[in-house]
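K.L.:
I would like the atomic coordinates for the input below:
(one chain, ligands or ions: 2)
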Amino acid sequence: MILPDMSLLASLNPKQYTAVTAPPGPILVRAGAGSGKTRVLTLRIAYLIAECGVSPSHILALTFTNKAAREMRQRLRNLPGVSIRGLTAGTFHSVCAALLREHITGRIGRYTSDFTIYAEDEQAQLAALALDAARERPPVLLEPTELLRHISRAKSRLLTPRLAARFARDDLERFVAGCYQRYQRSLEHANALDFDDLILLTHRLLAEHPDVLDTCQARWRHVLIDEYQDTDPAQYALVELLTRPSPANGHVRSLFAVGDGMQAIYGFRNADHTIIARFERDFPEARVIELATNYRSRQPILDAAYAVIRHSRAVQPMALRATKPEPPRGAGHVPPLQIVDAKDARDEAERVTRSIVDLLRRGRRPRDIAILYRSRHMSRTFESALRHVRIPYALRGATGFFERAVVRDTLAYLRVVNNPADNLSFNRIANVPPRGLGAGALATLSAFAAQRGLSLSETLAHPEVLAALSPKAAESARQLAALFVRWRRLVDGGMPPDHVLADVLERIGYQAWLEQRLEPEELADARAHVQELANAAAEHTALNAFLQEVALLTSADDDDDERDRVQLSTIHAAKGLEWPIVFVAGLEEGTLPHEHSLVTPDGVEEERRLCYVALTRAGEQLYLSWAASRVRGKPTKPSRFLNEIEAYGRERAGRNVAS
Ligand SMILES: Nc1ncnc2c1ncn2[C@@H]1O[C@H](COP(=O)(O)OP(=O)(O)OP(=O)(O)O)[C@@H](O)[C@H]1O
Ligand SMILES: [Mg+2]
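P.N.:
Ligands and ions are numbered 1, 2, ... in the order given. So this is what the prediction gives:
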């Protein structure tokens, strides 16, 4: 509990105290996971306000997610004697968007303050247009998303189309620069900004308009950044400019950054993981404070994290010391580290769930527990297993697997096949993919069905209905009716559910339709989801049984607002968070490290840091699970990270392995 005035600081260790109370200047707090960086940053704000009399409106706090900013505000509000009226706290993107709305009109090109922010699918459309409009032939075949990756990379390095063209070193880069120019022009024509523009144009605004820079510097005299290791070069340049000593800020660069190079996991989004190491070079008057004490995790958990990160080439690994004393061994001793060996993904989920049941029985709350995994689609098996035993769970930062549109569409088809009276499912897919059975046609069907007491799918090929529809709609209705007859026959003939599912997807041209409307990254996700659904279907011999299991899963009570739930999260989304008990799933080669990463050394390095992030989320107990096979019976190998942990464990005595 923190008390007002100076006692606010009583709970800090000496290093933390030094950081919180350091005189303004460029300050970097460089420290491992769980050492109190975020807490120090929060208390630094409180200190500036409560002790130094700084007005909250003179403070800018940059967090990695908006949720983190909300939590920080909440924590500050709870401190007695601290008012945060006027404090700016948010992500780079949200703060920049607000700044641009205020100042962009008349200052940058033809943009006005009503600009739209284009999301990925709109970006992909513009990128496709930019590719189509190219007069020269591309040196290699380039998909819109690949082009967008190139453009994003250029923007994250503050390269305008003109600079990109000037610095282009080969045909591909020259071609991309041309596309980038067209892409950027069409954005500007639409008075639209993409995500990277929020940073890029804010930088330009400040660099080209001294009056705006002056206003900002006078307003935000103190800038604080959490998760500094995931800052990209454009964001860095922006911060450098914003905090540059000037009359407006009293000639002091008051920049307080906290970060951990071992946790840099956004290289794939152009973050520059060397940024931490460069701090002292960039700001010669910098003060660097290192925190070595960990307040989150028991020592064996930190040892496991160290076992993985000590092999890192890119970062200088630091071993962490726990403050939590290890409880004496003997009756009631909970092993801090356990390894779960599973046959396959389903077995893994069941074993993890059994452990969770056991933990709950021993008095743990669901909210004390998190399951972390590398890729989003991996939540599916855990969701099924948890629902099966009625353990409440929440999926962080995503909709549940069975709630996802692709999954629901596909299931809706199977439901109609299984039960032609299922009008809700029929309504969902009548025009998905679009086949000319829009609202008008459905109204005709509905009216007739109601009149005759038939289901929608049964009226589909009725002559009277067909006569009432437009020729195109009638033709579609006839074809769809024939398909349902076909699928029903396949089911009656004993075809396994996953094969029926494959036939459905093929006949309706679902993949092609997804390809048309999804941005390739989403498409990969959607494909993975469909594959997951097929895996689930393959576990059953009868369509009926499969659908029933799924129905029980989806009808679970989801609307109670109690947050006492097991947290399911990707590792990326778990950054900065902590739980007493953490399960890290899928520790296999190809899963973590992810197969895409295996082609480059940098890729594997980033996976290593990702694994470090995962392990260091745990306070008291860490479970590491792996499955001997994950996809369709193909055997896997345990993750190199798991091997490293075990090897390190063997180097030291007292290894606990349970299954
Ligand atoms: N001096 C302290 N005394 C007691 N608890 C502390 C102290 N400093 C930090 N903690 C606690 O340690 C935990 C980790 O702190 P925090 O989340 O700030 O670490 P972090 O360095 O930001 O971690 P990450 O790198 O994962 O973001 C929190 O529960 C925090 O309240
Ligand atoms: Mg933190």
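
K.L.:
Show residues contacting the helix or strand hosting Asp197.
P.N.:
Asp197 is part of helix 195-208, with elements assigned from DSSP states H and E. The set of residues external to helix 195-208 that reach it, using Cβ atoms under 8 Å, 6 or more residues apart in numbering, is 92-93, 96-97, 99-100, 103-104, 107-108, 111, 117, 151-152, 155-156, 158, 187, 193, 212-213, 216, 232, 234-235, 237-238, 241-242. (Glycine included, C-beta is placed from N, CA and C.)

K.L.:
So which of these belong to helices?
P.N.:
When DSSP state H defines the helices, the subset of those inside them is 92-93, 96-97, 99-100, 103, 151-152, 155-156, 187, 212-213, 216, 234-235, 237-238, 241-242.

K.L.:
Arg30: neighbouring residues, count only.
P.N.:
22 (other Cβ atoms under 10 Å).

K.L.:
What values do phi and psi take at it?
P.N.:
Phi and psi for Arg30, reported as degrees, to the nearest 10, are phi -110, psi 120.

K.L.:
excluding its backbone neighbours, what's nearest it?
P.N.:
Spatially, and ignoring its direct neighbours in sequence, Arg30 is nearest to Glu290 (5.4 Å; Cβ to Cβ, 6 or more residues apart in numbering).

K.L.:
after whichever helix or strand the one you found is part of, next one along is what?
P.N.:
Using DSSP H and E, Glu290 falls within strand 287-291. Elements were assigned by DSSP H and E; along the chain past strand 287-291, the next helix or strand is strand 293-294.

K.L.:
Alpha carbons only: can I get the following helix or strand past that next one in PDB?
P.N.:
Scanning forward in sequence from strand 293-294 by DSSP H and E, the next helix or strand is helix 299-309. Taking Å, rounded to 0.1, in the frame of the first residue of the first chain, the C-alpha atoms of helix 299-309 are listed here in PDB:
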ATOM      1  CA  GLN A 299      14.200 -18.400  -8.500                       C
ATOM      2  CA  PRO A 300      13.700 -21.700 -10.400                       C
ATOM      3  CA  ILE A 301      11.400 -19.800 -12.900                       C
ATOM      4  CA  LEU A 302      14.000 -17.200 -13.400                       C
ATOM      5  CA  ASP A 303      16.600 -19.900 -13.900                       C
ATOM      6  CA  ALA A 304      14.500 -21.400 -16.600                       C
ATOM      7  CA  ALA A 305      14.200 -18.000 -18.300                       C
ATOM      8  CA  TYR A 306      17.900 -17.500 -18.000                       C
ATOM      9  CA  ALA A 307      18.600 -21.000 -19.400                       C
ATOM     10  CA  VAL A 308      16.900 -19.800 -22.600                       C
ATOM     11  CA  ILE A 309      18.100 -16.300 -22.900                       C
END
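
K.L.:
Which strands and helices lie in contact with helix 299-309?
P.N.:
strand 321-322, strand 337-342, helix 601-615, strand 618-627, helix 640-651 (3 or more Cβ pairs under 8 Å, 6 or more residues apart in numbering; DSSP states H and E).

K.L.:
Quickly compare those and say which is most buried.
P.N.:
Most buried of these by mean neighbour count (mean count of other Cβ atoms under 10 Å) is strand 618-627; its value is a mean of 24.

K.L.:
Give the partner strands of that strand in its sheet and their orientations.
P.N.:
strand 337-342 (parallel), strand 579-584 (parallel) (DSSP bridges).

K.L.:
Name the residues that touch it?
P.N.:
Taking contacts as Cβ under 8 Å, 6+ apart, the residues outside strand 618-627 that touch it are 296-298, 301, 304, 324, 334-345, 347-348, 351-352, 355, 578-588, 615, 636, 638-639, 642, 645.

K.L.:
Are any of those residues buried, and if so which?
P.N.:
Using 16 or more other Cβ atoms under 10 Å as the burial test, the contacts of strand 618-627 include 296-298, 301, 304, 324, 336-342, 344-345, 347-348, 351-352, 355, 578-588, 615, 636, 638-639, 642, 645 as buried.

K.L.:
give me the subset of the residues you listed touching ligand 1.
P.N.:
Of the residues in the buried ones among the contacts of strand 618-627, proximity to ligand 1 by Cβ under 6 Å from any ligand atom holds for 296, 578.

K.L.:
all helices of the stretch 1-150 of the chain, in order?
P.N.:
Along the stretch 1-150 of the chain, the segments classed as helices by DSSP state H, counting those that start in this stretch run 14-21, 37-50, 66-77, 92-103, 120-132, 144-156.

K.L.:
re earlier: so the strand holding Glu290 versus helix 37-50, what angle?
P.N.:
Between the direction of strand 287-291 and that of helix 37-50, the angle (axes from the mean of the first three to the mean of the last three Cα atoms, to 10 degrees) works out to 130 degrees.

K.L.:
Between helix 14-21 and strand 287-291, find me the angle.
P.N.:
Inter-element angle recorded for strand 287-291 and helix 14-21: 140 degrees (by the same axes, to 10 degrees).

K.L.:
elements contacting strand 287-291?
P.N.:
Packed against strand 287-291 by the contact rule (3+ Cβ pairs under 8 Å, 6+ apart) you find helix 14-21, strand 26-31.

K.L.:
which residue is nearest the centroid of this protein?
P.N.:
Centroid check for the chain by Cα atoms, centre = their mean gives Ala573 as the closest residue, at 4.8 Å.

K.L.:
Could you check the pLDDT of that one?
P.N.:
Confidence per residue is given as pLDDT, and for Ala573 that number is 85.

K.L.:
how much space between Thr65 and ligand 1?
P.N.:
When Cβ to the nearest ligand atom, to the nearest Å is the yardstick, Thr65 and ligand 1 sit 12 Å from each other.

K.L.:
Compute the number of surrounding residues for that residue.
P.N.:
The criterion is other Cβ under 10 Å. On that basis, Thr65 has 17 neighbouring residues.

K.L.:
Which of the helices of the stretch 1-150 of the chain sits closest to Ala421?
P.N.:
Within the helices of the stretch 1-150 of the chain, the stretch nearest Ala421 is helix 120-132; the backing value is 35.4 Å (Cβ to Cβ).

K.L.:
List the buried residues of that closest one.
P.N.:
Neighbour counts using 16+ other Cβ under 10 Å place 120, 122-124, 126-128, 130-131 of helix 120-132 among the buried residues.

K.L.:
can you tell me which of the contacts of helix 195-208 are up against ligand 1?
P.N.:
Checked against ligand 1 using Cβ under 6 Å from any ligand atom, those give no members in range.

K.L.:
Perfect, that will be all.
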